[in-house]
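J.: Sequence unavailable; structure follows:
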């Protein structure tokens, strides 16, 4: 085999590698947990998000998060209607979205954590109590 054949085979191998990478990138498109589908809408509504975060700090309404072996408990200051979003940075398929009202006089939100994969989770809790909106974000490890 002469040097011209080796150069052509090297170029063909490199082109096949590039084509394989393009096919791979298109196949994983949409499974990225770090990209929001409603990115522009969140940018437009940023003032509402900022005010909700400010309400948590101003009123000392930070939720108390307790991570046990089998459950995740979140205690709020007052009874509220909430939306809890738990996101995994590794995959969108494990994300959890729960809406409801706090339970009992202790204003608890309880989740069974035995079915959830161990590791890092992004917690985002929105709730409405006493006609005010609140937003709390935190990274937790199960």
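T.: The structure has been received and is ready for your questions. Keep in mind the model is a prediction, meaning the values are calculated, not measured.

J.: Spatially, and excluding backbone neighbours, which residue is closest to the spatially most central residue of the chain.
T.: Nearest residue to the geometric centre of the chain (Cα atoms, centre = their mean): residue 87, 2.7 Å. Nearest residue to residue 87 in three dimensions, chain neighbours excluded: residue 122, at 4.4 Å (Cβ to Cβ, 6 or more residues apart in numbering). (C-beta placed from N, C-alpha, C; glycine too.)

J.: ok now do the one you found, which residues does it touch?
T.: 86-89, 137, 139 (Cβ atoms under 8 Å, 6 or more residues apart in numbering).

J.: Of those, which count as buried by neighbour count?
T.: 86-88 (16 or more other Cβ atoms under 10 Å).

J.: Compute the distance between residue 45 and residue 39, please.
T.: 11 Å (Cβ to Cβ, to the nearest Å).

J.: Check residue 64 too.
T.: In terms of Cβ to Cβ, residue 64 sits 31 Å off from residue 39.

J.: mind listing which of the contacts of residue 122 are in strands?
T.: 86-87, 137, 139 (DSSP state E).

J.: TSV for those, including distance to residue 106 and pLDDT?
T.: Rendered in TSV, the data for these read as follows (distance: Cβ to Cβ, whole Å; pLDDT from 0 to 100):
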residue	distance to residue 106	pLDDT
86	21	92
87	26	90
137	23	94
139	25	92
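
J.: Identify, from those residues, the entry nearest to residue 80.
T.: Distance ranking of the ones in strands among the contacts of residue 122 against residue 80, using Cβ to Cβ, places residue 137 first at 16.4 Å.
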